[in-house]
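**Student:** Below: sequence and its predicted model.
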Amino acid sequence: MTCRRGALIVLEGVDRAGKTTQCKKLVQALQQCGQRAEMLRFPDRTTEIGQLINSYLEKKSDLEDHTIHLLFSANRWEQVPLIKEKLEQGVHLIVDRYAFSGVAFTSAKPGFRLDWCKFPDVGLPKPDLVLFLQLRPTEAARRGQFGAERYENTDFQKAVQECFQQLISDRSVNWKVIDACKSVEDLHKEIKSHSEAIMDTAACQPIGELWK
Ligand code: Z5A
């Protein structure tokens, strides 16, 4: 491992909170400052597992709830060798959704316990920072209607938000809750500042293991 590894920074949040917008801006800003930074997103719909997930999200296929949960997790595990390699090369990885979305979306379904939902993702590379973009449903609604994908309805999103709150209360993960109501630029400045602060800390630490 090189002395200074890259930081693993995850953006999570409710639907339309601006995760993708902010991940892209952060990567661009870091690159402009001469840093090595790349973006990943989950689900990664480009792999074979990702295509099964895509078909499920687009409601072209139905999958049993435990099965789709495990596929979302497998879709992260298949990227672990790449994630470790990049971090060890000193590349900062900015990730749009991660295991926290996996747990929040499944545990919002009837009959699922949080600890069962977490288990398949135990041991994934642990993010150095998880930025949670918090947005009120009324503000989210102003950013456009829900799309046609699975899970895109108000009641389910409220249940997901409650599950996220349980995850945020876990102090073993470095959460920063951000008010996503701000303008794209103000939000970007805040996210960049939190990210830069963690990069120095992460640089000389080994990559952690999530929920272990
Ligand atoms: N899922 C799961 O079940 N299990 C898992 O393990 C994982 C995911 C990883 C697809 O994910 C679904 O998969 C998702 C969770 C589930 N289901 N839902 N719902 P996805 O990542 O593909 O999700 P998405 O639905 O495409 O992203 P999103 O959450 O809807 O959007 P976002 O990335 O947070 O926001 P955005 O695309 O950057 O912006 C949304 C709009 O708001 C856009 O018009 C922007 O121009 C606007 N915007 C952005 N920022 C602002 C600010 N600050 N002010 C005003 N307007 C803004």
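**Tutor:** Arrived safely. Residues are numbered from 1 along each chain as shown.
**Student:** For this protein, name the helix or strand with the lowest mean pLDDT.
**Tutor:** Lowest by mean pLDDT, DSSP states H and E among the helices and strands of the chain is helix 137-142, with a mean of 82.
**Student:** hmm, the longest helix along the chain touching the ligand?
**Tutor:** Counting residues, the longest helix found in the chain (DSSP state H) is helix 184-203. Yes. Contact of helix 184-203 with the ligand is found when judged by C-beta under 6 Å from any ligand atom, involving Val184, Leu187. All C-beta spots, glycine's among them, are computed from the backbone N, C-alpha and C.
**Student:** Can you spell out which helices and strands pack onto that helix?
**Tutor:** In this structure, helix 184-203 packs against strand 8-13, helix 19-32, strand 92-96, strand 129-134, strand 175-179, with contacts taken as 3 or more C-beta pairs under 8 Å, 6 or more residues apart in numbering; DSSP states H and E.
**Student:** returning to that earlier point: starting at the chain centroid, how far to the least confident helix or strand of the chain?
**Tutor:** The gap between the average C-alpha position of helix 137-142 and the chain average comes to 21 Å, counting by C-alpha atoms, centre = their mean, to the nearest Å.
**Student:** Output it in PDB with nothing but the alpha carbons.
**Tutor:** The C-alpha coordinates for helix 137-142 follow below in PDB (Å, rounded to 0.1, in the frame of the first residue of the first chain):
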ATOM      1  CA  PRO A 137     -40.700  15.500   1.300                       C
ATOM      2  CA  THR A 138     -42.300  18.800   0.400                       C
ATOM      3  CA  GLU A 139     -38.900  20.100  -0.900                       C
ATOM      4  CA  ALA A 140     -38.200  16.800  -2.700                       C
ATOM      5  CA  ALA A 141     -41.600  17.100  -4.400                       C
ATOM      6  CA  ARG A 142     -40.600  20.600  -5.800                       C
END
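**Student:** who's in contact with that helix?
**Tutor:** Helix 137-142 is contacted from outside by Val14, Asp15, Arg16, Ala17, Thr154, Gln157, Lys158, Ala180, Cys181, using C-beta atoms under 8 Å, 6 or more residues apart in numbering.
**Student:** ok, of those residues, which come out buried?
**Tutor:** Applying a neighbour-count criterion of 16 or more other C-beta atoms under 10 Å, the buried members of the contacts of helix 137-142 are Val14, Asp15, Arg16, Ala17, Gln157, Ala180, Cys181.
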